[in-house]
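Asks: 3D, please:
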Amino acid sequence: MSEPKASVTERKIRVVVAKPGLDGHDRGAKVVARALRDAGMEVIYTGLRQTPEMIAETALQEDADVVGLSVLSGAHMALVPRILELLRLNGQQNVKVFLGGIIPDEDVPRLIEMGVVGVYGPGTITEVIIQDVRQAVSGSAGSSPD
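Replies: Below is the predicted model of the structure:
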């Protein structure tokens with residue numbers, strides 16, 4: 001007799017953490033990845049210099065619930081829309097996308113409009129990110145911050 005499959009609420013949240021573009025600084029991404037893992041999530045860290053196509057393919061192959069992006073290079077307004085587009089093309093419009101890094105305040109509303117669930121700058125407490133990821137995956141994410 002086979003065991004019943006775990007429901008979405010019983011299985012671990014699967015998070016792909018990625019560094020898109022040419023940015024070579026990943027300390028923040030690694031800190032967030034470790035915090036999410038320590039909070040009981042399954043984390044797949046893709047490493048540095050990932051293309052949008054590589055990130056979307058990893059999210060698809062890993063059956064990710066969440067994609068966490070770290071961008072310090074200033075290329076977020078080019079990279080993030082492409083990643084969101086590729087996720088949609090893969091039928092993964094349910095995957096929640098979070099962004100961390102050096103993101104100018106004036107870009108945040110546009111990123112939220114595009115579909116990014118949360119945007120975090122340097123110094124964000126990891127517990128805030130953990131709570132936001134859990135809320136987004138459980139479907140109880142609030143409205144975008146103003």
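Asks: Okay, strands next: where are they in the chain?
Replies: 14-18, 42-45, 66-71, 96-101, 116-120 (DSSP state E).
Asks: could you dump those strands to TSV with mean neighbour count?
Replies: C-betas here are computed from N, CA, C, even on glycine. Formatted as TSV, those follow (neighbours: other C-beta atoms under 10 Å):
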stretch	mean neighbour count
strand 14-18	26
strand 42-45	18
strand 66-71	25
strand 96-101	23
strand 116-120	22
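Asks: Make JSON lines from these and add mean pLDDT and distance to residue 84 to it.
Replies: What follows is the strands of the chain, written out as JSON lines (pLDDT from 0 to 100; distance: least, C-beta to C-beta, whole Å):
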{"stretch": "strand 14-18", "mean pLDDT": "98", "distance to residue 84": "13"}
{"stretch": "strand 42-45", "mean pLDDT": "98", "distance to residue 84": "19"}
{"stretch": "strand 66-71", "mean pLDDT": "98", "distance to residue 84": "9"}
{"stretch": "strand 96-101", "mean pLDDT": "98", "distance to residue 84": "6"}
{"stretch": "strand 116-120", "mean pLDDT": "98", "distance to residue 84": "8"}
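Asks: can you redo the ones you listed as a markdown table with distance to residue 55?
Replies: Listed next are the strands of the chain as a markdown table, based on distance: least, C-beta to C-beta, whole Å:
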| stretch | distance to residue 55 |
| --- | --- |
| strand 14-18 | 5 |
| strand 42-45 | 11 |
| strand 66-71 | 7 |
| strand 96-101 | 10 |
| strand 116-120 | 14 |
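Asks: can you give me the helices in this protein?
Replies: 27-38, 52-61, 76-89, 108-114, 126-138 (DSSP state H).
Asks: Rebuild those as CSV, extending it with mean neighbour count.
Replies: Shown next, in CSV, are the helices of the chain (neighbours: other C-beta under 10 Å):
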stretch, mean neighbour count
helix 27-38, 17
helix 52-61, 18
helix 76-89, 18
helix 108-114, 15
helix 126-138, 16
